[in-house]
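Colleague: Prediction below, plus the sequence it came from.
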Amino acid sequence: MTNRFQIYVLLVAFALLLILPFIGSRYSVELATQILIFGLLATSLNILVGYLGAASFGHAAFFAIGGYACAYFLTTLGWPLVVSMIGAVLLTALASLVIGFFCVRLNEIYFSMLTLAFSMLVWAVALKWKPVTGGDDGFVGVAVPEYLSNYFTFFLFTLGVVTISMIVLMIIGNSTMGRVFIAIRENQTRASFLGVNVRRMRLIAFVIAGTFAGIAGTLLALYVRGMYPETAFWSQSGHILIMVLLGGMHAFIGPFLGASALTLLEVTIGQYTEYWQVFVGVILVIVVLAAPEGIFGLVRSVTKRLGGQKDDDA
Amino acid sequence: MTMLEVENATKIFGGFTAVNKVNLTVAEGETHAIIGPNGAGKTTLFNVVSGLISPETGSVTFRGKKLNKMMPHDIVNVGMARSFQRVNIFPRKTVFENVQVALLVHARLHFNPFRQAAKLFRREGMELLALVNLEDEADRRAGDLAYGRQKQLELAVALAANPKLLLLDEPTAGMSISETKASIALINDIVEKRNLTLLFTEHDMNVVFEIADRISVLHHGEIIATGIPDEVRNNEEVKRIYLGKE
């Protein structure tokens, strides 16, 4: 899934984002912060959907676990920021190992349904475990450290964390391990007859995806300064899945593009009508029918026609 | 030395006995063919040997090691590789990528999330493709190759695991007469070059008598004769039920 084109796009995006807080409004910087968080979240899900070929309907669970854990460590236990974040990410990795242990035994729709069931379990815990999560009212008032408490520094902090995470995810995607994930997506039987323990590889992918969703979750908790049970709700998982499909699951940067596009669409259309979801829905239907490889596929075919370059991705 | 030994293997699918008390021995370096009419249980026997399905009774021993309850990936890792009757490759990847991923799994690199894959195994991959005469097709999508060439690619993918024993399920199924001839010559050549033990199923009798050292005849899930080609050809029971019209 590697190609130069995608790296250029990422570099340009990074440069633009780096200067944004110096020239943009507070509103645009906060919007960009949100896009970065959801871009990382969607990219983490794509390890499962795009590379491994396993559609998780419960990815929001790990987003929520990371967020709640970070909020709890930082606020209730009063741990320092870095310790809280690392602790939250480790906890999310552990949770995805346990949940993944069961889920990767199943394939296709059964896998999807089990991930959905586990995420609803996480949602129920967030709703009912009041002393820790705040229950229905949510975990309010996350103790964000002073130096991250203005939108400007928090954006730069988020940009740093997301950039590093994206680089690591890209390295994993292009690695020998990533190639074997793709081989499993393409043909599970052949993969196992190459000598691959398919179930174990699926579990590894599941833990990687969950862990990076956990990182996105810690950023969310700091950004919103709170955590709410809806973060783990199944509709949130669907939302991430839509980002992946919208942007294009067979390219590394596709899901990030999808997250950006969906977030911007929601915000822009939301300014004009309260029925914005209808319009977003229509746009999604058009994209899925007209561009099954998503926004990235569309961009790629246009640039290919213009530049006549050789395509070496997917 | 015995390479593969199947003892008393039985596999039943919902009351239908696909493989019935089969005993089979393949010596190291031997080219052993399993023949039998459609539905005789050839593929089921292959699936039992390669760990895709587990038998109700009996055991499979490979180089002195019992393979009971082993998964396909374990069996590949002890030195057995197989092809399928219907081509089983990665059709949407390029021809080169098909052998590349096989090579990197053989090198146990699939647990490495940091080693960048793009430039790995160029030389080894091209060598494997050259072995099956596919070096000129390296950058084509595997699924776009002609059927016979896809089978050759699958052979290269199987060879990437550097097996001791190669299992080929109907390696010439769906091929024309000339393709079959070329393909069999190629397989025979590779087996000799790489000093492989070969167990294969085949429906084309000429092919079998040409390259097999020994032949087993499977009928209704049972082995009714085993021996060198001439013995099998002259076996009265085999003549009656299988070679009847010749």
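Modeller: Arrived safely.
Colleague: from here on, contacts and neighbour counts on C-alpha atoms
Modeller: OK.
Colleague: And A:Val12, its phi and psi?
Modeller: phi -60, psi -40 (degrees, to the nearest 10).
Colleague: What of B:Phe13?
Modeller: Backbone phi and psi, for B:Phe13 under degrees, to the nearest 10, turn out to be phi -110, psi 100.
Colleague: got it, and the one 10 residues further on?
Modeller: Here the main-chain torsion angles of B:Asn23 (degrees, to the nearest 10) amount to phi -120, psi 130.
Colleague: what about it, neighbour count?
Modeller: 17 (other CA atoms under 10 Å in any protein chain shown).
Colleague: which bits of chain B sit near chain A?
Modeller: B:72-77, B:81-82, B:88-92, B:101-102, B:104-106, B:109-118, B:157-158, B:161 (CA under 8 Å from any CA of the partner chain).
Colleague: Are any of those residues buried, and if so which?
Modeller: Neighbour counting over those (16 or more other CA atoms under 10 Å in any protein chain shown) leaves B:72-77, B:81-82, B:88-92, B:101-102, B:104-106, B:109-111, B:113-117, B:157-158, B:161 as the buried ones.
Colleague: Those in helices, which ones?
Modeller: Judged by DSSP state H, these include B:72-77, B:101-102, B:104-106, B:157-158 as members of helices.
Colleague: Using TSV, please lay out the residues you listed together with pLDDT.
Modeller: Below are those laid out as TSV (pLDDT from 0 to 100):
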residue	pLDDT
B:Pro72	89
B:His73	90
B:Asp74	89
B:Ile75	89
B:Val76	90
B:Asn77	89
B:Val101	96
B:Ala102	95
B:Leu104	95
B:Val105	95
B:His106	94
B:Val157	95
B:Ala158	94
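Colleague: what pLDDT, on average, does stretch A:141-149 get?
Modeller: Mean per-residue pLDDT for stretch A:141-149: 89.
Colleague: Now do that stretch: distance from first to last residue.
Modeller: 12 Å (CA to CA, to the nearest Å).
Colleague: and the nearest residue to A:Gly39 once chain neighbours are set aside, how far is that from B:Ala142?
Modeller: Using CA to CA, 6 or more residues apart in numbering or on different chains and skipping the chain neighbours, the partner closest in space to A:Gly39 is A:Phe256 (4.3 Å). Separation of A:Phe256 from B:Ala142 (CA to CA): 30 Å.
Colleague: higher neighbour count, the two?
Modeller: More crowded of A:Phe256 and B:Ala142, by other CA under 10 Å: A:Phe256, with 31 against 24.
Colleague: what about that one, helix or strand, and which?
Modeller: helix A:254-272 (DSSP states H and E).
Colleague: Need the contact partners of that helix.
Modeller: A:35-36, A:38-40, A:42-43, A:46, A:240, A:242-249, A:276-277, A:279-280, A:294-296 (CA atoms under 8 Å, 6 or more residues apart in numbering or on different chains).
Colleague: Low-confidence bits of chain B, can you list those?
Modeller: For chain B, applying pLDDT under 70 flags the ranges B:242-246.
Colleague: Could you verify my assumption that B:Glu30 touches B:Phe200?
Modeller: No. In this structure, B:Glu30 is not within contact of B:Phe200 by CA atoms under 8 Å, at 11.0 Å.
Colleague: who has more neighbours, those two?
Modeller: Legend: neighbour count by other CA under 10 Å for B:Glu30 and B:Phe200, higher for B:Phe200 (23 against 19).
Colleague: Which neighbouring elements make contact with the helix or strand where the more buried one lies?
Modeller: Here B:Phe200, judged by DSSP H and E, is contained in strand B:197-201. Packing partners of strand B:197-201 (3 or more CA pairs under 8 Å, 6 or more residues apart in numbering or on different chains; DSSP states H and E): strand B:31-35, strand B:165-169.
Colleague: okay, and for chain A, where does confidence drop off?
Modeller: If you take pLDDT under 70 as the line, chain A has these spans: A:1-2, A:307-314.
Colleague: Could I get the full set of strands for it?
Modeller: Here chain A has its strands, by DSSP state E, at A:139-140, A:226-227.
Colleague: Direction included, what does the last one pair against?
Modeller: Same thing as strand A:226-227. strand A:139-140 (antiparallel) (DSSP bridges).
Colleague: if we can go back for a sec, can you point out the buried residues in the helix holding A:Phe256?
Modeller: Within helix A:254-272, judged by 16+ other CA under 10 Å, the buried ones are A:254-263, A:265, A:269.
Colleague: between these, which is nearest chain B?
Modeller: Using CA to the nearest CA, the shortest approach to chain B within the buried residues of helix A:254-272 belongs to A:Gly254, at 19.2 Å.
Colleague: Give me the contacts around stretch B:10-20.
Modeller: Against stretch B:10-20 from outside (CA under 8 Å, 6+ apart): B:8-9, B:21-22, B:40-41, B:44-45, B:54-58, B:220-222.
Colleague: Show the buried residues in those.
Modeller: For those, buried by 16+ other CA under 10 Å: B:8-9, B:21-22, B:40-41, B:44-45, B:54-55, B:58, B:220-222.
Colleague: Is it possible to get JSON lines of the buried residues of helix A:254-272 that adds distance to B:Leu196?
Modeller: Formatted as JSON lines, those follow (distance: CA to CA, whole Å):
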{"residue": "A:Gly254", "distance to B:Leu196": "45"}
{"residue": "A:Pro255", "distance to B:Leu196": "46"}
{"residue": "A:Phe256", "distance to B:Leu196": "49"}
{"residue": "A:Leu257", "distance to B:Leu196": "50"}
{"residue": "A:Gly258", "distance to B:Leu196": "51"}
{"residue": "A:Ala259", "distance to B:Leu196": "52"}
{"residue": "A:Ser260", "distance to B:Leu196": "55"}
{"residue": "A:Ala261", "distance to B:Leu196": "55"}
{"residue": "A:Leu262", "distance to B:Leu196": "56"}
{"residue": "A:Thr263", "distance to B:Leu196": "58"}
{"residue": "A:Leu265", "distance to B:Leu196": "61"}
{"residue": "A:Ile269", "distance to B:Leu196": "66"}
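Colleague: And those residues, which is closest to B:Ala173?
Modeller: Closest approach between the buried residues of helix A:254-272 and B:Ala173, by CA to CA: A:Gly254, at 40.8 Å.
Colleague: Could you find the closest non-adjacent residue to residue 135?
Modeller: This is for chain A. Nearest to A:Gly135 is A:Leu127, by CA to CA, 6+ apart, at 4.3 Å.
Colleague: right idea, wrong chain: chain B
Modeller: B:Glu135 sits nearest to B:Leu129 (CA to CA, 6+ apart), 4.9 Å away.
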